[in-house]
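Chemist: Test case, fold it:
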Amino acid sequence: MYNVNKIESEVKEFVESLGINVHMESRIRDVEFGAHKIKGIYLADDTYIEGDVFIETTGTTGPMGNCLRYGKGCAMCILRCPSFGPRISISERCGVSDTQGEGAEDVLGAMSGSCKLAKESLSDGILKELEEKGVVILKVPREDVNYDKLGTKVCQQYALKEFAENLILLDTGNVKLMTTYYPLNKLRKIKGLEHAKYIDPYAGSKGNSIRYLSVAPRTNDMKVIGVDNLFCAGEKSGLFVGHTEAIGTGALAGHNAVRLAMGMPLLILPNSITVGDIISYENEKSKTREGRRNRYTFAGAGYFKRMQELGLYTMDIKEIENRISKLNLNGIFDQKLC
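Modeler: Residues are numbered from 1 along each chain as shown. The predicted structure is shown next:
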């Protein structure tokens, strides 16, 4: 696993080395839209930026009002809405109606599935095991086991009774606690966690952020329906869970944004490869109420079963290369289009 405390600056430096202009700590507040196209965007400080093509990856979490309405209030998650202002849906600013993921009993959205603890607040024994194995599993006291929380988790692949009966700690630079939230007074009852401290969300004792409240309707080339020059990726593009899914949809959205600007036909990845299948399958299923209650990820749950049933899941790198080669998609994202 990568270290979340170090990777951001590494990625930022790499992006800037490509000549890309990065606006950090900036928030879009509105768009200039007309004739089915975005002409430009307004930042919170009134800066206006024109563009030919736009890609929305604003995600589906926040603002605070949504966490108050659908969750347990603001837990002061990594988005820091009070500091930076609320997330704005670019697609909705263009008049497009976003959809929302659903949960059990007609509840909208889902709660983020993990927290972070400060390493220095844990016992030496736990830290030693984390550094050696990368994971520590601790038994939850029987009186504190809460199976009901599993139904609120965004990560359905982890909605297993084992995740209610145990606390799973992962070493990601900080200590990742694989549960939506956990009351601090109960957390400190567990051996080795007597001095545990939350660092994300700050109020990890009471709740977490609520996600999947603003998904844009799209076609399988990642273009937003109703806007001629807007693409989407990540959670904004579907009920996806995970970094790999964000990378896959983001790579395709970015590639097709350049194709659109160049007047080239847009690329749709075929269902015979996994990334193409998950993009089209989620798009199809999310049109139904049952489908909006599910989440789609390579990491487990229902879609992983589909991968296995269709013969898409393999750890044989050569087999994957052969599949791509047969479709003439070798190095498709490496090709310089302009």
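
Chemist: Tell me where the chain is predicted with low confidence.
Modeler: The chain contains residues with pLDDT under 70 at 104-105, 148-160.

Chemist: can you give me the helices for it?
Modeler: Applying DSSP state H to the chain gives helices spanning 4-17, 64-70, 81-84, 90-93, 124-133, 161-165, 184-187, 243-262, 274-285, 289-292, 301-309, 317-326.

Chemist: buried ones in the fourth one?
Modeler: Spelled out, that is helix 90-93. The neighbour-count check on helix 90-93 (16 or more other Cβ atoms under 10 Å) flags Ile90, Ser91, Arg93 as buried. In short, each C-beta sits where N, CA and C put it, glycine included.

Chemist: Cross-check the contact I'm expecting between the last one and Val31.
Modeler: By that I understand Arg93. Yes: with contact defined as Cβ atoms under 8 Å, Arg93 reaches Val31; the gap is 4.7 Å.

Chemist: I'd like the helices of the chain as TSV, with distance to Ile38 appended.
Modeler: Formatted as TSV, the helices of the chain follow (distance: least, Cβ to Cβ, whole Å):
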stretch	distance to Ile38
helix 4-17	22
helix 64-70	24
helix 81-84	22
helix 90-93	8
helix 124-133	46
helix 161-165	41
helix 184-187	44
helix 243-262	12
helix 274-285	22
helix 289-292	27
helix 301-309	32
helix 317-326	33
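
Chemist: Setting the sequence-adjacent residues aside, check what's closest to Asp30.
Modeler: Excluding the flanking residues, the one nearest Asp30 by Cβ to Cβ, 6 or more residues apart in numbering is Tyr42, at 4.5 Å.

Chemist: The one you found pairs with what?
Modeler: Asp30, Tyr48 (DSSP bridges).

Chemist: and it, how many neighbours?
Modeler: Residue crowding around Tyr42 was assessed by other Cβ atoms under 10 Å; the count is 16.

Chemist: Let me know the distance separating Gly192 from Glu92.
Modeler: 46 Å (Cβ to Cβ, to the nearest Å).

Chemist: scratch that, Gly276 is what I was asking about
Modeler: Counting by Cβ to Cβ, the gap from Gly276 to Glu92 is 27 Å.

Chemist: Same check on Gly242?
Modeler: 24 Å.

Chemist: can you check Asn322 too?
Modeler: Taken as Cβ to Cβ, the span from Asn322 to Glu92 is 42 Å.

Chemist: before we move on, what about Ala118?
Modeler: 37 Å.

Chemist: next one: Gly113
Modeler: 26 Å.

Chemist: In contact with Ile88, which residues?
Modeler: Arg27, Ile28, Arg29, Asp30, Thr58 (Cβ atoms under 8 Å, 6 or more residues apart in numbering).

Chemist: can you list the buried residues of helix 90-93 in JSON lines and add distance to Gly71?
Modeler: JSON lines is the format used below for the buried residues of helix 90-93 (distance: Cβ to Cβ, whole Å):
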{"residue": "Ile90", "distance to Gly71": "23"}
{"residue": "Ser91", "distance to Gly71": "22"}
{"residue": "Arg93", "distance to Gly71": "24"}
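
Chemist: any idea which of these is closest to Glu131?
Modeler: Ile90 (42.1 Å; Cβ to Cβ).

Chemist: can I assume that closest one is in contact with Phe54?
Modeler: Yes: contact criterion Cβ under 8 Å: Ile90 and Phe54 qualify, at 7.0 Å.

Chemist: what touches both of these two?
Modeler: With Cβ under 8 Å, 6+ apart as the test, Ile90 and Phe54 both reach Ile38, Ile41, Leu230.

Chemist: So the closest residue to Cys338 other than its chain neighbours versus Asp228, what's the distance?
Modeler: Closest residue in space to Cys338, ignoring its immediate chain neighbours: Met262 at 5.7 Å, by Cβ to Cβ, 6+ apart. Distance of Met262 to Asp228, given as Cβ to Cβ: 15 Å.
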